[in-house]
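**Student:** How does the following fold in three dimensions:
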Amino acid sequence: RYIGSLFFFAIMVAIAEESYFRGVIFQKLISIYDDNKTIMLSALLFGLAHSVCIISGSSIIMVALQVMNAIIFGIIAAQLLVITKSILPGMIYHFWFDFVNHITRLDGLALFIASAVQVCIMLFYILWLDRQIKDKDE
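**Tutor:** Next comes the predicted model:
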């Protein structure tokens, strides 16, 4: 039952957030700025939107980590959009990202270590995607 609910929740969040941030917001920004600036601005807005978790009583450190994680995630999702010209890969990535993060139910030191590893992997992925974008533009 928990897995089914989590699966549905992760799908709905992925569709809603990607439609808004990589659909509406990204499209508005790309009409004004170049790809790189749009990727960064949309990722910053995505990260800032995740600061609302402070309302739930999360510590300032957890909120800062979530915002940082969301910014990094937002860069990847926007890069996928630029490369593929579709929000579908970002939705799929978003779904799996949320589903795996929530299903593990980590906390404390285990959460910190897993988050650090996750951030490192995402940073390497950003560099790889950036190279794909640059190669495409040449």
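**Student:** now the longest helix along the chain, how far from the chain's geometric center?
**Tutor:** For the chain, the longest helix by residue count, based on DSSP state H, is helix 108-137. Centroid separation between helix 108-137 and its chain, computed with CA atoms, centre = their mean, to the nearest Å, is 11 Å.
**Student:** in that helix, what's buried?
**Tutor:** 115, 118, 122, 125-126, 129-130 (16 or more other CB atoms under 10 Å). Bear in mind the C-beta positions are built from the backbone N, C-alpha and C, glycine included.
**Student:** Could you pull up the contacting residues of Leu123?
**Tutor:** By CB atoms under 8 Å, 6 or more residues apart in numbering, the contact set of Leu123 is Ile72.
**Student:** just Ser42 next, same as before
**Tutor:** Listed by CB under 8 Å, 6+ apart, the contact set of Ser42 reads 21-22, 25-26, 29, 74, 78.
**Student:** Point out where the chain drops to low pLDDT.
**Tutor:** 106 (pLDDT under 70).
**Student:** center of the chain - which residue?
**Tutor:** Centroid-nearest residue in the chain: Phe73, 2.8 Å away (criterion: CA atoms, centre = their mean).
**Student:** Which helix or strand contains that one?
**Tutor:** helix 60-84 (DSSP states H and E).
**Student:** Following element in sequence after that helix, please.
**Tutor:** helix 88-104.
**Student:** Which residue is the nearest non-sequential neighbour of Leu48?
**Tutor:** Val67 (6.8 Å; CB to CB, 6 or more residues apart in numbering).
**Student:** Can you report how many residues neighbour that neighbour?
**Tutor:** 20 (other CB atoms under 10 Å).
**Student:** how close does the residue nearest to the centre of the chain get to Gln79?
**Tutor:** 11 Å (CB to CB, to the nearest Å).
**Student:** and what of Trp128?
**Tutor:** In terms of CB to CB, Trp128 sits 9 Å off from Gln79.
**Student:** Could you grab the helix/strand/coil label for Ile32?
**Tutor:** coil (DSSP: H, G, I helix; E, B strand; the rest coil).
**Student:** show me what contacts it?
**Tutor:** Ile32 touches Thr38, counting by CB under 8 Å, 6+ apart.
**Student:** How about Gln132, nearest residue that isn't a chain neighbour?
**Tutor:** Ile83 (5.6 Å).
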